[in-house]
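Q: from the sequence below, what's the structure:
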Amino acid sequence: MNPLEVTLNRLHLRNPILVASGTFGYAREMQSFAEFARLGGIIPKTVTPLPRIGNPPPRTVETASGLLNSIGLDNDGIEAFLDKHLTYLLGLGTAIIVNIAGHDIAEFGQMAKRLNPYKEIAAVELNISCPNVSGGVDFATEPKLTSQVVSEVRAVCDLPLIAKLTPNVTRVVDIAAAAAEAGADAVTLVNTFQGMAVDWKKRKPILGNVLGGLSGPAIKPLALRIVHQVSQAVKVPIIGVGGIQSIDDVMEFLITGATAVQIGTANFYDPTLASRLVDQLAEVVKSQGCQRVTELIGTLQLPNRSGCQK
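A: Purely as a prediction, here's the structure:
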């Protein structure tokens with residue numbers, strides 16, 4: 001029995017350590033650093049129906065304890081992904097989760113239908129929350145739109161589905177509930193927080209697209225809060241993401257209610273991290289006297305707020 005194995009409805013992973021879309025390229029870029037077969041899974045960069053050149057530069061800027069990016073889903077399009085990248089990815093010996101984004105609901109369904117014959121794909125992650133593309137964030141800001149996207153994909157695709165949600169809303173719980181009710185096997189919490197950076201001396205924004213998505217350690221407390229809120233209110237497996245750079249960060253997300261995690265920004269400055277975290281996670285499970293990592297998931301002990309007992 002594999003002590004690190006986790007299950008998110010129909011998605012089965014050898015361990016909870018995934019690498020986030022947009023931070024790991026098509027994996028070829030990382031082959032000198034990461035031990036792919038040891039990871040729980042790889043999520044390549046987002047795929048769109050047609051090739052995209054992305055947003056104008058500058059596209060990234062470092063911030064205090066974080067990274068602000070406005071890449072704009074630069075990618076080769078789904079046909080090139082299927083022809084040039086998918087076969088390579090499926091041969092890496094780990095779960096491959098394909099992340100897709102469309103400008104309208106129909107495009108999500110069309111791409112999911114193209115992916116459906118490839119049963120070796122572990123799951124499809126729906127990027128309905130990218131803050132850097134016009135229209136991309138809208139689907140995850142309203143429960144009805146989220147439900148429509150997931151339902152459209154569910155109708156044409158038998159693969160496990162993950163809805164990647166935005167934190168840029170008042171109540172993520174409502175969006176997560178809509179995704180789960182529409183057929184999502186899991187939700188990814190969360191995508192980046194919308195922000196901006198300026199050069200006050202030049203009186204100009206630094207990013208070419210003005211606004212971008214904030215990631216990295218700065219957002220971890222916010223991401224943890226959202227994982228907690230959703231885990232308490234919605235019966236859906238959660239993949240936690242946001243500022244993870246150590247095994248302690250991983251454990252914080254797991255005990256708070258995430259079943260798996262994604263390593264994102266840390267891949268840029270330490271592409272070996274995800275592989276190391278697998279060994280460290282096994283050591284933590286053993287040190288806690290557990291047989292399986294699942295014994296630790298969702299074990300956060302909340303304070304008793306019922307008041308004084310007379």
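Q: just the helices in the stretch 201-310 of the chain please.
A: Taking DSSP state H, counting those that start in this stretch as the criterion, the stretch 201-310 of the chain contains helices spanning 220-233, 247-256, 266-269, 273-287.
Q: list the buried residues for whatever helix or strand Arg154 lives in?
A: Here Arg154, judged by DSSP states H and E, is contained in helix 143-156. By neighbour count with 16 or more other Cβ atoms under 10 Å, helix 143-156 contains the buried residues Pro143, Leu145, Thr146, Ser147, Gln148, Val149, Val150, Ser151, Glu152, Val153, Arg154. Where C-beta positions appear, they are placed from N, C-alpha and C, glycine not excepted.
Q: and the residue nearest to the first one when sequence neighbours are not counted, how many residues sit next to it?
A: The shortest distance from Pro143 to any residue other than its chain neighbours is 3.6 Å, reached at Ala178 (Cβ to Cβ, 6 or more residues apart in numbering). Taking other Cβ atoms under 10 Å as the criterion, the count of residues near Ala178 is 24.
Q: so where's the stretch 201-310 of the chain uncertain?
A: Low-confidence regions of the stretch 201-310 of the chain, defined here as pLDDT under 70, cover residues 305-310.
Q: does Phe33 touch Tyr269 like I think?
A: No: contact criterion Cβ atoms under 8 Å: Phe33 and Tyr269 do not qualify, at 11.4 Å.
Q: neighbour count winner among these two?
A: Neighbours were tallied for Phe33 and for Tyr269 using other Cβ under 10 Å; the higher tally belongs to Phe33 (13 against 10).
Q: OK, contacts around the more buried one?
A: Counting by Cβ atoms under 8 Å, 6 or more residues apart in numbering, Phe33 makes contact with Pro271, Thr272.
Q: ok, it to Ile128 distance?
A: The spacing between Phe33 and Ile128, counted by Cβ to Cβ, to the nearest Å, is 30 Å.
Q: and what of Val61?
A: Taken as Cβ to Cβ, the spacing of Val61 relative to Ile128 amounts to 25 Å.
Q: number of residues surrounding the nearest residue to Phe268 once chain neighbours are set aside?
A: Leaving aside its chain neighbours, Phe268 sits nearest to Thr23 (6.5 Å; criterion: Cβ to Cβ, 6+ apart). Burial of Thr23, expressed as a neighbour count using other Cβ under 10 Å, amounts to 22.
Q: so Thr23 versus Lys144, what's the distance?
A: According to Cβ to Cβ, Thr23 stands 30 Å off from Lys144.
Q: doesn't Ser275 make contact with Glu35?
A: Yes: at 4.4 Å, Glu35 counts as touching Ser275 under the criterion of Cβ under 8 Å.
Q: which one of those two has more residues nearby?
A: The residue with the greater number of neighbours, taking Glu35 and Ser275 and applying other Cβ under 10 Å, is Ser275; the counts read 19 against 15.
Q: what about Leu67, how many neighbours?
A: Using other Cβ under 10 Å as the criterion, Leu67 is surrounded by 23 other residues.
Q: for it, what are its contacts?
A: With contacts defined as Cβ under 8 Å, 6+ apart, Leu67 is in contact with Thr60, Val61, Leu214, Ser215, Gly216, Thr265, Phe268.
Q: again, 10 Å this time
A: Leu67 sits next to 23, 60-61, 192, 212-219, 264-266, 268-269 when contact means Cβ atoms under 10 Å, 6 or more residues apart in numbering.
Q: that's a strand at it, yeah?
A: Yes: counting by DSSP: H, G, I helix; E, B strand; the rest coil, Leu67 falls inside a strand.
Q: run through the bridge partners of it.
A: Taking DSSP bridges, one obtains Glu62, Ser215 as the residues bridged to Leu67.
Q: how much space separates it from Ala112?
A: Leu67 sits 30 Å away from Ala112, going by Cβ to Cβ.
Q: with Val198 instead?
A: Look at Val198 and Ala112: by Cβ to Cβ, they are 39 Å apart.
Q: neighbour count winner among those two?
A: More neighbours sit around Ala112 than around the other of Val198 and Ala112, counting by other Cβ under 10 Å; the figures are 24 against 13.
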